[in-house]
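Got a predicted structure plus its sequence, pasted below:
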Amino acid sequence: MEVVPLAHALGVEIRGVDIAGVPSDAEIDEIRTAWHGAHVIVFRDVEWTPDQHLAFSKRFRDLDDHAATPHDRFDGYPELLEVTNIPKNGHPSQTRNAGRNWHSDYSYTNRPAAASMLYCTQKPPVGGDTMFCNMARAYDDLSEKMKGIVADLQSVYDFSLVSGIGKRDPKKIAELLKINPPIAHPCVREHDESGTKALYVSERTSHFEGMTRAESAPLINFLCAHATRPENVYRHRWRIGDLVCWDNRTTMHLALGDFDESQPRHMLRTTLRGELSGYVVPPAV
């Protein structure tokens, strides 16, 4: 197995292991170690079926069945989430503009995603990149005074702040808002496997519990800008057959809309189920 760095802040490509087959336990352990260190891992030229995708993902953790976003499931596979701009049943896909603000997956639920594994089956000729930032490094780079401030804060995540929902089916969005009320999580998240501390705040954070939106906004804006500085980011340029895996406990990501949307883009994602966390709170003032 070869581990090749992709950027200074985070990200490695893993070569020399057949993930479409049945990797050994030792290989899975090596992959997990590399993943914890680099936060984002990439496998190139993967050719596999949905069942193989599921089998590999389950080697790391139980999978989410995507009940929080039921309309986005891949047909026949509730543990696969479909991210595409290809129309479904004659209607625009609900994920055609997904992920276009900085976020970590399922932060608006009481089981925020531990990790995600996204497989590219179709892509436009250019563009459609995804950017990742290192939230553990962002936390480490804070002053001790600021670390003390954020340690006492609860980030409130609001599904209504998911980018692009105003262009989606209003009935489906109303259902999703009911399924996913605003929920608070610690602003500093401790990785339940590695113990690494990382910031847990994003552009989907409406406010900090006990504070108004106006009071919270300057600090949310600062923390997001601090985390997404260019030197703290890896930009992935997709190829068909890429499997990109990121740790939602230590990263945020942003899907760029910098492509011709008349060109098909299709990806399938497994979501590694996170620990129960957080509590429902009233909407912000």
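Done, it's in.

Quick check: pLDDT value at residue 150.
Residue 150 carries a pLDDT score of 98 in this model.

Who are the contact partners of it?
Contacts for residue 150 (Cβ atoms under 8 Å, 6 or more residues apart in numbering) come out as 139, 142, 187-188, 199, 201, 223. C-beta here means a position set from N, CA and C on the backbone, and glycine is covered the same way.

With residue 133 instead?
9-10, 102, 227-228, 232-234, 251-253.

who wins for most neighbours among the residues you listed?
residue 252 (29 neighbours; other Cβ atoms under 10 Å).

So for stretch 172-187, what gets flagged as buried?
For stretch 172-187, a neighbour-count test (16 or more other Cβ atoms under 10 Å) marks 172-173, 176-177, 180, 182-187 as buried.

and those as TSV, adding pLDDT?
Compiled in TSV, the buried residues of stretch 172-187 are given as follows (pLDDT from 0 to 100):
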residue	pLDDT
172	91
173	92
176	93
177	93
180	95
182	96
183	97
184	98
185	98
186	98
187	98
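
quick one: which of those residues sit in strands?
183-186 (DSSP state E).

Let's have these in a markdown table, adding distance to residue 163.
What follows is those, written out as a markdown table (distance: Cβ to Cβ, whole Å):
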| residue | distance to residue 163 |
| --- | --- |
| 183 | 18 |
| 184 | 21 |
| 185 | 19 |
| 186 | 24 |
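
wait, which of those residues is closest to residue 274?
The nearest member of these to residue 274, counting by Cβ to Cβ, is residue 185 at 10.1 Å.

Quick check, the closest one in contact with residue 199.
No. The criterion here is Cβ atoms under 8 Å, and residue 185 misses it with residue 199 at 11.3 Å.

Show me how far stretch 171-189 is from its chain's centre.
Taking Cα atoms, centre = their mean, to the nearest Å, one finds stretch 171-189 lying 15 Å from the centre of the chain it belongs to.

ok, then the element right after the helix or strand containing residue 82?
Using DSSP states H and E, residue 82 sits within strand 77-84. Remark: after strand 77-84, the chain's next helix or strand is strand 115-122, criterion DSSP H and E.

That following strand versus strand 77-84: what angle between them?
Relative orientation of strand 115-122 versus strand 77-84 (axes from the mean of the first three to the mean of the last three Cα atoms, to 10 degrees): 60 degrees.

Quickly run through the sheet partners of strand 115-122, with directions.
strand 243-247 (antiparallel), strand 266-272 (antiparallel) (DSSP bridges).

For the protein, name the helix or strand with the lowest mean pLDDT.
helix 170-179 (a mean of 92; mean pLDDT, DSSP states H and E).

send the alpha carbons of that helix over as PDB?
Provided in PDB are the C-alpha atoms of helix 170-179 (Å, rounded to 0.1, in the frame of the first residue of the first chain):
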ATOM      1  CA  PRO A 170     -41.500  22.900  -1.600                       C
ATOM      2  CA  LYS A 171     -43.500  19.900  -0.300                       C
ATOM      3  CA  LYS A 172     -40.400  17.800   0.100                       C
ATOM      4  CA  ILE A 173     -38.500  20.600   1.800                       C
ATOM      5  CA  ALA A 174     -41.400  21.100   4.300                       C
ATOM      6  CA  GLU A 175     -41.200  17.400   5.100                       C
ATOM      7  CA  LEU A 176     -37.400  17.600   5.600                       C
ATOM      8  CA  LEU A 177     -37.700  20.600   7.900                       C
ATOM      9  CA  LYS A 178     -40.200  18.700  10.000                       C
ATOM     10  CA  ILE A 179     -37.900  15.700  10.100                       C
END
